[in-house]
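A.B. asks: here is a sequence with its predicted model. Questions after.
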Amino acid sequence: MPELPEVEITARRLDAALRGARVESAVAPGMNVMKTFEPPLEELAGRELTGVRRIGKMPVVELGDLALLIHLMSAGRLRVFDRRASPKDRTSRVLIRLEDGRELRLRELGTKQRAWAKLLAAGAAREDEAVATLGPEAWPPPPLDAFAAAVEQPRHLHPLLRHQRDIAGIGRSWVDEILWEARLSPFKQGSKLSDEEVRRLHAALHVLGDAIEHYERTIGPDLPDKLPMPLRVHRREGEPCPRCGTTIEAVYFAEHQTNYCPKEQTGGRVLKDRRLSRLLK
């Protein structure tokens, strides 16, 4: 799933490429992709694209007094193309066709069709339930006291940091990187963190900013479908820890995994089965 750094660089590149372009037409071939009906998508015709920004993990395409709020879910991709999509392109979900011949295209590379979009009055985007229920943005980091309050919960850090209502923007990839940077177990409860551990975790959010800087250096104006994520721990099981050389381990769940360094994060203990997660606190 595209996370905060990936959505941020996408928004920046699209903003640079599209600001000032005028819409010729807009259609939504994707089944059930549009979650709003008023105003209709056709209302975008003739409007100028005034910006692209990010809220949490969601891109927002601004068109004057209207805003298209998009949730990419796990397989959505938002890119601009020089040519318009073929009618046979089954990945197309929303097509915003520009007068200069280009096309801003929301595609979904998987088969589940879970990505969605909402066309809202520009001022209403912040009031939409998907936005209004978000916790503080993970980057730039919130104040330490606000962050400490957000993680003061009797829940394991791995799902806690990924819960968008507690802190917005972190997903399955970057949570591993943040916890490794902070030298904290994915299975430690937020409510059991010491003040010093909370400060380490808060400071570790810099990895999100580092990733954005990496993308600024490596990603040109044409966005690839798969960004070269500068991950050091996530999905690196079997490889040496970049700091201490200990073998990176993994815990597997039904639809995701978490990776960690046993020496630096779990006191030398290796967890092979998620049902034993109570041992890592």
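C.D. replies: Perfect, I can see it now.

A.B. asks: Glu129: what's it in contact with?
C.D. replies: By C-beta atoms under 8 Å, 6 or more residues apart in numbering, the contact list for Glu129 is empty. For every residue, glycine as well, the C-beta is placed using N, CA and C.

A.B. asks: no no, Gly209
C.D. replies: Trp139, Pro140.

A.B. asks: would you mind measuring from it to Val60?
C.D. replies: 20 Å (C-beta to C-beta, to the nearest Å).

A.B. asks: how about Leu4?
C.D. replies: 14 Å.

A.B. asks: who touches both of these two?
C.D. replies: What both Leu4 and Val60 touch, as defined by C-beta under 8 Å, 6+ apart, is the set Arg54.

A.B. asks: stretch 198-207: end-to-end distance?
C.D. replies: Stretch 198-207 has an end-to-end distance of 16 Å (criterion: C-alpha to C-alpha, to the nearest Å).

A.B. asks: quick one: average pLDDT of it?
C.D. replies: Taken as a whole, stretch 198-207 has an average pLDDT of 98.

A.B. asks: all helices of the stretch 1-150 of the chain, in order?
C.D. replies: Ranges of helices within the stretch 1-150 of the chain are 4-18, 129-132, 144-151, based on DSSP state H, counting those that start in this stretch.

A.B. asks: buried deepest among these, which one?
C.D. replies: Highest mean neighbour count among those (mean count of other C-beta atoms under 10 Å): helix 4-18, with a mean of 21.

A.B. asks: contacts for that one next, please.
C.D. replies: By C-beta under 8 Å, 6+ apart, the surrounding residues in contact with helix 4-18 are 2, 49, 51-54, 56-61, 72, 78-80, 98, 104, 137-139, 168-171, 174, 208, 211-212, 215-216, 219, 221, 223, 227, 229.

A.B. asks: let me see the mean pLDDT of it.
C.D. replies: Taken as a whole, helix 4-18 has a mean pLDDT of 98.

A.B. asks: repeat that for stretch 86-106.
C.D. replies: Per-residue scores along stretch 86-106 average to 95.

A.B. asks: surely Ile170 touches Ala138?
C.D. replies: Yes: assessed by C-beta atoms under 8 Å, Ile170 is found in contact with Ala138 at 5.1 Å.
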